[in-house]
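> give me a model of this one.
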Amino acid sequence: MDDRLRDLLAKLPRLTSVSAVDGLAADLLAAGAAEAVLGFGLAVAGRAGDPRVWQYRAAFDSVFGLLAAAPGAENAERALRLLSALPPGDRRELRRRVSVLAADRPVEELASAFAEPAPEELRAFLARELRLRGTDLSTVPLLAARAAVEQPAYQQCPFGLAAADDLPELPPYPGAEPGAGGLAIVPSGAELPPLAKASGHAAREVTAPDDFTALGAATAGWAAGSNGRTEARVFALPAPLEPDTPEALRILLPSLGLDCLRDRNDRSGLAVRATDATAVWELLFAVALHGGAYSSGVDGARARLVAWQSLSALADCPRSADLAAIERRAERCAWFAFEAATGWFDQVAWDLGLLALSPDRTRLAVLAATDTD
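Residues are numbered from 1 along each chain as shown. Next up is the predicted model:
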């Protein structure tokens with residue numbers, strides 16, 4: 001190991017920042033001393049899961065991130081060796097690191113995980129990540145055996161979306177920067193419209209026992225890892241909603257008995273605007289990827305999966321539908337986003353309201369979620 005790295009390793013538990021590790025490891029990697037960087041990573045891997053000494057985990061993530069981003073099969077193999085050296089622990093964190101390694105890297109460079117000794121859990125996460133990215137495992141000799149047992153959650157998963165830094169932000173809470181986020185903003189002091197009934201008859205709730213989980217797949221992290229809550233419900237309309245406009249939905253929604261609209265006062269407002277399936281999918285993806293107030297979100301492949309699950313449920317697709325079928329169905333639906341200034345929404349930074357009208361305009365799916373710090 002490089003003497004400078006050895007010195008940093010000795011001082012590591014007392015450091016207040018690992019920026020020195022970042023800089024030195026990057027310089028050594030650029031100078032062709034990748035093995036020295038690997039050696040340092042292996043030295044800290046055993047304690048990277050120790051919450052009492054955060055510096056080991058931070059240093060490990062620094063070195064791993066550099067090797068994972070470095071081009072070439074040799075660096076991919078070094079990054080895999082680091083992951084293999086980690087003690088058993090946080091499965092979610094391992095999934096995240098596998099996602100980082102697999103990003104924008106040819107699958108052939110990752111095949112060594114299935115040729116060299118590696119933890120089975122690491123192999124399973126890597127195979128799943130590649131599968132969700134659309135890789136046909138049967139075309140890579142070392143992964144072909146895995147292909148026989150790995151079942152895709154969806155048959156394909158597009159990866160044309162921009163990098164995470166370019167993803168849309170969550171819609172702002174009412175009154176914050178009108179127009180930001182591309183969704184509706186509640187006018188200050190606006191009142192809820194009078195209660196209305198569709199076609200002279202009240203809508204009938206038809207939410208099935210498993211609808212909540214399917215509709216809220218993308219927002220599950222807001223409740224599981226933070227302070228959030230989700231409302232996910234489905235309603236049958238006695239006749240097609242005509243016209244299928246934002247104003248018609250703004251009048252209909254208060255009659256449905258939604259929890260997210262129940263706690264309102266004279267100053268409560270409701271705004272609805274039309275959107276499309278692509279914008280809805282991107283928003284669901286951003287919600288799952290970024291997480292909520294205290295949840296860190298999920299890895300990229302998982303975020304794409306749960307975004308498709310929520311979109312599929314909103315569009316009322318059968319569980320067996322493949323991606324092409326979901327897309328065709330979603331394009332025929334009418335999509336809307338809504339915001340409401342009620343007590344149910346925390347109105348901090350994590351508020352979401354989505355509506356999907358079926359192609360025949362007789363089924364309305366509602367997904368509302370909120371979170372706070």
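> when you work out contacts or count neighbours from here on, use the C-alpha atoms and nothing else.
Fine.
> dihedrals phi and psi, Phe235?
phi -130, psi 140 (degrees, to the nearest 10).
> mind listing what the closest residue to it other than its chain neighbours touches?
Nearest-residue entry for Phe235: Glu205, 4.3 Å, with adjacent residues in sequence omitted and distances by C-alpha to C-alpha, 6 or more residues apart in numbering. When the contact criterion is C-alpha atoms under 8 Å, 6 or more residues apart in numbering, the partners of Glu205 are 233-236.
> element containing Thr16?
When elements are assigned from DSSP states H and E, Thr16 belongs to no helix and no strand.
> contacting residues for it?
Residues counted as contacts of Thr16 (C-alpha under 8 Å, 6+ apart) are Gln55.
> tell me the helix or strand right after the helix or strand that Ala76 is a member of.
Here Ala76 is covered by helix 73-85, with elements defined by DSSP H and E. If you walk from helix 73-85 toward the C-terminus, the next helix or strand you reach (DSSP H and E) is helix 91-102.
> surely Ala307 forms part of a helix?
Yes. Inclusion of Ala307 in a helix is indicated when DSSP: H, G, I helix; E, B strand; the rest coil is applied.
> quick one: low-confidence parts of the stretch 251-373 of the chain?
Low-confidence regions of the stretch 251-373 of the chain, defined here as pLDDT under 70, cover residues 263-268, 294, 296, 299-300, 346-349, 373.
> try it again at 80.
Within the stretch 251-373 of the chain, the stretches with pLDDT under 80 are 262-269, 289-302, 341-350, 372-373.
> hang on, the earlier thing: buried residues in the helix holding Ala76?
The neighbour-count criterion (16 or more other C-alpha atoms under 10 Å) identifies 73-85 as the buried residues of helix 73-85.
> what's the answer for stretch 22-39, then?
Judged by neighbour count (16+ other C-alpha under 10 Å), stretch 22-39 contains these buried residues: 22, 24-26, 28-29, 34-39.
> what's the answer for stretch 43-50, then?
Of all the residues in stretch 43-50, those buried under the rule 16+ other C-alpha under 10 Å are 43-49.
> gap between the two ends of that stretch?
Distance between the boundary residues of stretch 43-50 (C-alpha to C-alpha, to the nearest Å) amounts to 14 Å.
> and that stretch, how far from the chain's centre?
On the basis of C-alpha atoms, centre = their mean, to the nearest Å, stretch 43-50 is displaced by 27 Å from the centre of the chain it belongs to.
> residues in contact with it: which ones?
Residues lying outside stretch 43-50 but in contact with it, judged by C-alpha under 8 Å, 6+ apart, are 9, 53-54, 56-60, 82, 85-87, 89-90.
> at 7 Å instead, please
Outside of stretch 43-50, the residues that reach it under the criterion C-alpha atoms under 7 Å, 6 or more residues apart in numbering are 56-57, 60, 82, 85-87.
> out of those, who has the most neighbours?
Across the contacts of stretch 43-50, neighbour numbers were computed from other C-alpha atoms under 10 Å; Phe60 holds the maximum, 27 neighbours.
> list the contacts for that residue?
Residues in contact with Phe60 (C-alpha under 7 Å, 6+ apart) are 41, 44-45, 48.
> stretch 38-53 spans what distance, first to last residue?
Stretch 38-53 has an end-to-end distance of 20 Å (C-alpha to C-alpha).
> need phi/psi at the residue nearest to Phe235.
Main-chain torsions, Glu205, degrees, to the nearest 10: phi -80, psi 130.
> check what pLDDT it gets.
According to the predicted model, the pLDDT of Glu205 comes to 92.
> quick one: it from Leu137, how far?
For Glu205, the distance to Leu137 equals 43 Å [C-alpha to C-alpha].
> in the protein, which spans are strands?
Chain-ordered strands for the chain, with DSSP state E as the definition, fall at 204-205, 229-236, 270-275, 334-340, 350-357, 363-371.
> mind checking those for the one nearest to Phe285?
Shortest separation from Phe285 across these is recorded for strand 350-357, at 12.4 Å, computed as C-alpha to C-alpha.
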